[in-house]
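# no FASTA, just this:
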């Protein structure tokens, strides 16, 4: 693996504020040491006096009516405090307002193996577990819906019979732009193929945990391992029938999410309800196996992709049909249906595009948003398909990609506006770094190289709950010691958003980031940020932070200018000094001068994206203030006799607009590629008749350091006009091209097109045998 | 020496078999050294070292990731060897020297392994990090100047879901490998 010593020098590129912080690395991140020394407190690390514990009993059936629940034996056990069933918390919830179909505990029937049915509170976790097992539940088992085909079969039983439109289809989406059929008729080459992308799950190392503490004044404080404190605040208030003003959500250190901690979970609801009923703190932490049932991972998706090209490789039309197997509840599934198709209009110019998708209910744990939400699946199909068509036309797939790229500043056929576009440079750099041209088609037998590209959003232009308020707010307060306290509703879940805020603010104030203190993700203390999803935080909270920093900077500079009797424009802020030529005052002095002039020093900033897209085209999903772009090359070695593949190396060039902090940005690239490597090699959330096959880290087979390839990350700066210092997202985009680049490398190595990840030895070997048989 | 005591106040954690009589749970008076401090506590025979550290001693830097030895987040050192605390019985550590992430600072300063991990931003969410640090600390005890292969092998039981291990390996190389031998 590579990774030289972090560079302390400033990154290349002009630096508008001149603070010397943006782009500089080598100094870690502000919350780094607290995590590396074990000092950081995660929810499960917090203990409160009289704290009791909650556990749930889960359904052993995929689909069954609940006939009776008898908890009398459990309630008699010493140490057992309380029991909850579904009817105690009857208000249905879900992150998307049009599809609220879930309760914390099942009511009347269960819809997947592992669904929570009864919750127990007890003085210890062990008693709660034991008590849960003493609860008798009588079920009447119903036939299960386990496949996309079953879900589409209208003769099969309904999973949600209370729905307004009874169907196992949660959402159908159809979009058409241009004249796809006419373009197919006149094309030189039309290719239609089926692709099948499996489900996978996030496996954050920290299991979900919630701790609720009631107060005598009727308020409730909930610490939770959530990615979305604000949305949890709103949803929990609804379900508890409380005013949000009575609830405080605190997000402590979170052991990552990757999308898996966006939803509200049974932990949060039951800990809160028990805490209020029992008037004592309740902690509810999931066990590892339960995290696999909580799921909300990648939707298994079947796709039929049809594409046409001219002889020269110009794409003339694309038709994508997709069916997403969503599990028993909607989660973010309505959005998933749109995301499956909305971003395929990038980064290639499409004039004729049709897209249909259905998001279906099945009797399995609910799918939801996993890194690259909905986009990973169709991007895989598209990038492999493009390589196949280029091969049929006798063209280089790289040349075909380049020839079809959109232009910077263009608007796509579905109204996505692209203010900055660094993909051409990503492609150049990644090909050069990997010596792609020297290797493609020229490597020894069993070795191959492949590439793929992609595009991703930097947050959504439209919030989930339509309103005209900011998507992100930041407040900054100064202490006379020079300490800058930043208040933000953002949820740092490891991606480095806290350091991002400190970087932007310290850059504008000309101080070191370690003078910043961060108070984040606390609904009592911090202004709203919508949450850590859709790769929105750097762009949106970053812009809010920039605005707040500029207001504060104006206050400081105006006071210092009066004090030194120099024009404001002559002042600069850098390295802890406010200076005008020879004259200067230290940052700390400047704060004292400014507070003497203006009084207590604080400022706010907020960000709301311009409305893009149009309601008429229903292009609200996919609309984003900017897009990131990625190009990736993978090199593999395959033993054709066994099908065993080793991923030797991956090069990833990612257009993130502007590097705010090099090691944090590279870490996001490496982490995204790594998650793609897992989906390419081994990971699959698989079921047998609704029963999860691998509900443990060992069986699910996450790549260890041994299976993880050497990853080279290349950061490309396209200076987005709307991004803070030009920055765009880097958290999700880098995962998108990994799996198709590997599939294209497999073809280069052994001559077979893989259409269904993960690329296990069995699948590769079977494909090689089938190809050999065809040749013979 | 292990002292066995029958107590009515033992922790029933992990004694969760149906019908288990909590009033008769077997407890041990356990003594060991944890992070240089002598410790003497009554614990249930079945208490894991992870529960003992986190719940009885409040050493929450050691993380609970899976409970079955799959993830490495709970790695600690017992007599300078890496151990998965979740599948080690507290009782097995009688009279031993246990070291956790809280006990490795160098006169109040972060250990150089930790400083390198910080400088390279090798911790993202940080949940696996204490385990990673302890695996590397244990490696350093036996192998003061390890090869890259030895570093990789020492981390084979630590799952990191955030970083792709790239920054972790770079930091470990910087902190542990002989600078003249890249």
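The structure has been received and is ready for your questions. The structure displayed is predicted, hence computed values, not measured ones. Residues are numbered from 1 along each chain as shown, chains lettered A, B, ... in the order given.

# I'd say residue A:691 and residue A:62 touch.
Yes. Counting by Cβ atoms under 8 Å, residue A:62 is a contact partner of residue A:691 at 7.5 Å. To be clear about C-beta, it is placed using only N, CA and C from the backbone, and glycine gets the same treatment.

# Which residue of the two possesses the greater neighbour count?
For residue A:691 versus residue A:62, the count of surrounding residues by other Cβ atoms under 10 Å in any protein chain shown is larger for residue A:62: 26 against 16.

# helix, strand or coil for the more buried one?
coil (DSSP: H, G, I helix; E, B strand; the rest coil).

# I'd like to know how many residues surround the closest residue to it other than its chain neighbours.
What sits nearest to residue A:62 in space, not counting adjacent residues and going by Cβ to Cβ, 6 or more residues apart in numbering or on different chains, is residue A:690, at 3.1 Å. Number of residues near residue A:690 (other Cβ under 10 Å) recorded here: 20.

# so who does residue A:690 touch?
Residue A:690 is in contact with A:62, A:63, A:112, A:113, A:144, A:146, A:363, A:364, counting by Cβ atoms under 8 Å, 6 or more residues apart in numbering or on different chains.

# Would you mind measuring from it to residue A:115?
Summarising the geometry, the distance separating residue A:690 from residue A:115, computed by Cβ to Cβ, to the nearest Å, is 11 Å.

# Using PyMOL, define a selection of the buried residues within the contacts of residue A:690.
Only the buried members of these enter the following PyMOL selection, criterion being 16 or more other Cβ atoms under 10 Å in any protein chain shown:
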select buried, chain A and resi 62+63+112+113+144+146+363+364
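
# Neighbours of residue 37, how many?
You didn't say which chain, so I picked chain A. Neighbourhood size, residue A:37 [other Cβ under 10 Å]: 23.

# I was thinking of chain B, sorry if that wasn't clear
The tally of other residues near residue B:37 (other Cβ under 10 Å) stands at 10.

# list residues touching both of residue A:691 and residue A:62?
Here residue A:691 and residue A:62 have residue A:113 as joint contacts, going by Cβ under 8 Å, 6+ apart.

# May I have the secondary structure class of the residue nearest to residue A:355 when sequence neighbours are not counted?
Counting by Cβ to Cβ, 6+ apart, the nearest residue to residue A:355 once its immediate chain neighbours are dropped is residue A:341, at 3.3 Å. Here residue A:341 takes the helix state, with states given by three-state DSSP.

# got a pLDDT number for residue A:341?
Model confidence at residue A:341, given as pLDDT, is 96.

# so how far is residue A:318 from it?
When distance is defined by Cβ to Cβ, residue A:341 is 10 Å away from residue A:318.

# Please apply the same query to residue A:608.
Here the distance between residue A:608 and residue A:318 works out to 33 Å (Cβ to Cβ).

# Also residue A:524?
Computed with Cβ to Cβ, the distance linking residue A:524 and residue A:318 is 49 Å.

# Nearest to chain A: which residue in chain B?
Proximity of chain B to chain A (Cβ to the nearest Cβ) peaks at residue B:61, 2.2 Å away.

# got the contact list for that residue?
A:37, A:38, A:39, B:100, B:101, B:102, B:130.

# how's chain B carved up into domains?
Per the record's domain assignment (automatic domain parsing), chain B is made up of the domains B:3-103, B:112-176.

# quick one on the thing from earlier: phi, psi of the closest residue to the residue of chain B closest to chain A other than its chain neighbours?
Beyond its immediate neighbours in the sequence, the residue positioned closest to residue B:61 (Cβ to Cβ, 6+ apart) is residue A:38, lying 2.2 Å away. In terms of degrees, to the nearest 10, the main-chain angles of residue A:38 are phi 80, psi 10.
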